[in-house]
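1. Task: produce atomic coordinates for the following.
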Amino acid sequence: MDTLSETQQHAVSTLQSITNCDTEAAIALLETSSWDVQTAASIIFDTAPTAGPSIAPRSPSPRRRIEALEIDDSHQGALRDNRRARDGNRARRSYGIVRYLPPWPNSFISALAFPLHLISSIFRFIFGVLRIPFPQIRFSGLNFYRPLPSGPSDPRSVSDRWVRALEDETGAVCYSRAGATTNGASSATDAGPSTLTTRAGAGTNGESFDEGVKKLPDFTLGSYEDILRIAQRENRIACVVLVSEEHDDVAEFKRSTLTNTAFVQLLHDNNIIVWGGDVRDKDAWSAAQKLQATTYPFVAFLALQPRRGSRAPSTSSSPPTLTVLSRHQGRSVPATGPTSAETLSNHLSGQLLPRVTPFLDRLRNAARERERDRFLREEQDRAFQDTARRDRERIEAKIAQSEREKLEEVKRAEEARQAEERREQERLESERLAAIRMEWRRWARRSLVKPETAKGIPGAIRLAIRLPGAEGRTIRQFAPSDSLTALYAYVDSQLIPSDLPASADPSTPPTGTPIDEDGLANQSGGAVEWWGFRLFLAYPRKELAWKSQVCLGEITELKGGTQIVVERGGSHVSSRATSPTGGDDDEYDTESD
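-> Prediction:
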């Protein structure tokens with residue numbers, strides 16, 4: 001100690017008053033932290049050093065920056081009177097740290113720390129000469145003083161444990177769980193009111209809630225920085241409650257102030273965010289450092305306020321900043337105590353709310369206006385996008401319809417072209433077959449039709465043949481030995497146009513056509529299809545079908561002569577035939593006449 005300067009000796013004394021550690025450990029810890037008391041204490045509690053009285057909470061979101069908190073003591077006359085007393089009581093900032101220190105003798109800790117400190121000093125010197133950052137290893141930070149964790153250390157879990165312990169200690173429950181509405185609960189995603197749903201609807205001993213149950217404020221679960229973000233984002237007042245079990249006044253504060261019905265209702269009705277913690281926890285201890293708490297219990301109210309020097313707060317272009325509106329610390333009894341329920345309620349109703357609420361209302365109205373404008377812009381953008389989408393869909397539908405019509409038109413044109421080609425091919429094929437058939441018919445007239453039998457020959461068969469349509473009729477005598485093929489060939493020859501004389505008939509049939517009765521019988525389409533007509537007896541009506549190797553004399557119906565009707569196409573519907581009594585004289589006389 002004698003080799004230390006006056007400033008270093010003061011730092012050692014201050015750290016010992018906070019941590020209750022021995023001199024050697026304090027010197028080693030201060031050397032590690034460049035003789036900064038706050039940094040050394042932060043190392044003990046495994047938390048980052050804070051930046052002095054001006055509170056600049058860290059924000060995980062780069063889009064929202066929380067301004068350094070200002071301290072507004074303009075309405076804190078009672079606190080100004082006690083400022084000297086606060087300065088004299090700074091040695092009481094132990095915050096219950098000693099309860100977290102392991103119960104090892106100081107000499108034992110010093111014996112362990114000295115060689116480690118010596119080694120770390122040598123390495124730090126070497127690293128410093130080489131300009132290499134010295135890593136903050138476990139032993140160089142003297143983490144012998146780290147508190148032993150008893151559960152999850154995230155801020156939400158720590159807050160939840162503290163609220164549960166507070167409910168068990170006071171026999172009260174948070175306001176929202178006591179049957180009241182939860183409009184005082186935070187809407188933050190990373191912080192919210194106590195959510196002890198496993199016990200919801202029942203008291204601490206399982207009894208149902210009634211009108212006489214004691215209520216606590218709706219404490220927001222999360223870190224101190226969480227409530228600052230919520231207060232800034234939602235333009236609300238934040239109430240920070242800090243306690244320390246090392247102070248005798250805390251138990252009475254919990255029983256009398258935090259469960260006071262009027263005070264709790266006032267916080268709830270004005271939608272004030274409430275957050276609390278024990279300074280033995282690192283987050284609450286950091287909040288105490290930032291809020292400059294000197295004794296406990298401690299209550300502070302924070303909210304957005306215009307920057308100092310702004311003439312028109314409602315229209316100033318500079319954004320408002322989070323400000324500590326008031327701080328209350330000390331005993332809660334008697335009723336005039338700085339943290340009593342009556343004092344806090346009177347301060348809220350008579351001073352803080354009338355002064356802060358109008359400005360927050362203007363901020364909320366401006367936020368609602370911005371939200372409404374944003375909503376209108378989004379609606380306009382959505383309507384514009386919907387209109388553009390409908391126009392685009394309509395244009396695309398028209399384009400698609402036009403393309404379909406073009407494709408259908410091309411398809412119809414192609415189908416029409418193919419049909420026309422088929423018809424043309426069929427016509428050409430039909431003409432070719434008709435030409436072949438006509439050539440064969442003319443050959444048959446020359447080769448298959450025999451000369452007419454002379455009259456007076458016994459057994460001659462006289463036939464009256466009625467040709468189809470306007471072809472007329474003809475009468476011809478056939479010998480009984482003439483074949484049925486000769487009759488069909490004669491009828492077929494009568495269908496040859498008159499402009500094709502018999503003298504020009506070919507002597508040979510076309511290639512691939514039948515030349516005798518066997519060839520006619522073997523036609524794929526049959527004889528009827530080849531001849532293209534049918535023969536019927538006029539009365540009684542009976543078809544005279546073609547057969548090979550049949551003589552006319554063998555057909556009973558032809559004996560003595562008869563009338564034959566010719567029908568084209570093999571149709572079963574006969575043309576109009578003349579009956580013997582039909583009045584149409586065909587000048588045909590049968591043997592009976």
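
2. Going by residue numbers, what spans are strands in the protein?
-> 70-71, 173-174, 192-193, 215-216, 220-221, 238-243, 273-278, 298-305, 321-329, 461-466, 473-478, 533-537, 542-543, 562-568 (DSSP state E).

3. Indicate which one of these is closest to residue 381.
-> strand 298-305 (30.1 Å; CB to CB). For every residue, glycine as well, the C-beta is placed using N, CA and C.

4. Quick check: nearest residue in space to residue 347, chain neighbours excluded?
-> residue 326 (6.5 Å; CB to CB, 6 or more residues apart in numbering).

5. same question, residue 35
-> residue 11 (5.4 Å).

6. Tell me the pLDDT of that neighbour.
-> For residue 11, the pLDDT comes out at 82.

7. That one: neighbour count?
-> 20 (other CB atoms under 10 Å).

8. So what's the residue count around residue 497?
-> Should you count by other CB under 10 Å, residue 497 turns out to have 6 residues around it.

9. Can you tell me what sits against stretch 479-486?
-> Stretch 479-486 is touched from outside by 448-450, 453, 457, 459-461, 478, 517, 520, 544, 546-553, 555, with contacts defined as CB atoms under 8 Å, 6 or more residues apart in numbering.

10. which parts of that stretch are buried?
-> Neighbour counts over stretch 479-486 (16 or more other CB atoms under 10 Å) mark 479, 480, 482, 483, 484, 485, 486 as buried.

11. re the thing from before, only the buried subset of the contacts of stretch 479-486, as a ChimeraX command please.
-> Only the buried entries of those go into this ChimeraX selection, using 16+ other CB under 10 Å:
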select :448,449,453,460,461,478,517,520,544,546,552,553,555
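
12. Out of the contacts of stretch 479-486, which sit inside helices?
-> The helices, defined by DSSP state H, take in 517, 520 from the contacts of stretch 479-486.

13. residues touching the residue nearest to residue 35, list them.
-> Here residue 11 is in contact with 30, 35, 36, 37 (CB under 8 Å, 6+ apart).

14. Also residue 247?
-> Counted by CB under 8 Å, 6+ apart, residue 247 has contacts 295, 296, 297.

15. quick one: low-confidence ranges for the stretch 1-150 of the chain?
-> 1, 17, 19-20, 44-114, 117, 125, 128-129, 131-150 (pLDDT under 70).

16. wait, residue 492 sits on residue 530?
-> No. At 9.7 Å, residue 492 does not count as touching residue 530 under the criterion of CB atoms under 8 Å.

17. So which of those two has more stuff around it?
-> Ranked by neighbour count (other CB under 10 Å), residue 492 and residue 530 place residue 492 first, with 22 against 19.

18. looking at this protein, which residue lies furthest from center?
-> residue 456 (107.9 Å; CA atoms, centre = their mean).

19. With adjacent residues omitted, what lies nearest to residue 293?
-> Going by CB to CB, 6+ apart, residue 293 has residue 242 as its nearest residue, at 5.7 Å.

20. give the contact list for that neighbour.
-> Contacts of residue 242 (CB under 8 Å, 6+ apart): 276-279, 284, 287-288, 291, 293, 296-300.

21. what's the distance between the closest residue in space to residue 231 that isn't next to it in sequence and residue 431?
-> Closest residue to residue 231 apart from its sequence neighbours, by CB to CB, 6+ apart: residue 238 at 4.1 Å. Using CB to CB, to the nearest Å, residue 238 is found at 105 Å from residue 431.
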